[in-house]
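[1] Following is a predicted model, sequence given first.
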Amino acid sequence: MKKLMYVMVFASLLLTACGKSDDPKEVAVDQNTSVEDIVGAIVKNEFTVEESKGVVTISIQDTDVTEGSKSQMLKDSTKIFADLSKLKDVKTPAVTWYAPLTEPDGDKTMTEVLNIYFSEEDYHKVDWANYLQVDIESTATNYHESEALED
């Protein structure tokens, strides 16, 4: 009976350890990869992409906001920018995150909580090959976060 109990505890610990990873997924980027492919491989939320002459705007609807979401949004955004840097057509990328915030009257509305934008010049200055070391808050041309995300 004790062995069975140990096996059950071990199995539950193993299943817990196999949960969601905080590290963004690796994306194989080549000339046929689209912006949608990159974003879809990194985030599991709903998103839209607008592209025009090298300007790429990505809007992500984060409906399952939890504690530590800012950190995950920053990791995912940095990975998106790093993978986009491998596409020669992307010149000025922007990522905007939206999340449901409760209004004073109790209604939940999707509100912009994080906006990150790079000018073409600033985007090409960053060493995206080492994206894990990039402090996106200080390297972005424009970085804005909602009071809802501030520590």
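    That came through, no problem.

[2] Which stretches in this protein count as helices?
    Assigned helices in the chain, in chain order: 2-17, 35-42, 69-84, 120-125, 136-139 (criterion: DSSP state H).

[3] hey, least reliable of the ones you listed by pLDDT?
    Mean pLDDT per stretch puts helix 2-17 lowest among the helices of the chain, at a mean of 36.

[4] right, and Ser146 touches Met110 too?
    No. Contact criterion CB atoms under 8 Å: Ser146 and Met110 do not qualify, at 11.8 Å. C-beta coordinates here come from the backbone N, C-alpha and C atoms, glycine included.

[5] so how far is Thr141 from the one residue sitting closest to the centre of the chain?
    Central residue check for the chain by CA atoms, centre = their mean: the C-alpha nearest the mean position is that of Asp76, 2.5 Å away. From Asp76 across to Thr141, the span is 19 Å (CB to CB, to the nearest Å).

[6] Check Gly54 too.
    As judged by CB to CB, Gly54 and Thr141 stand 15 Å apart.

[7] Which residue lies closest in space to Glu51, excluding its sequence neighbours?
    Distance criterion CB to CB, 6 or more residues apart in numbering; nearest residue to Glu51, sequence neighbours excluded, is Val35 at 6.3 Å.

[8] For that neighbour, which residues are in contact?
    Shown in contact with Val35 (CB atoms under 8 Å, 6 or more residues apart in numbering): Val49, Glu51, Val56, Ile58, Leu84, Leu87, Val90.

[9] how about those in CSV, adding neighbour count?
    As requested, these are exported to CSV (neighbours: other CB atoms under 10 Å):
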residue, neighbour count
Val49, 15
Glu51, 15
Val56, 23
Ile58, 24
Leu84, 23
Leu87, 18
Val90, 20
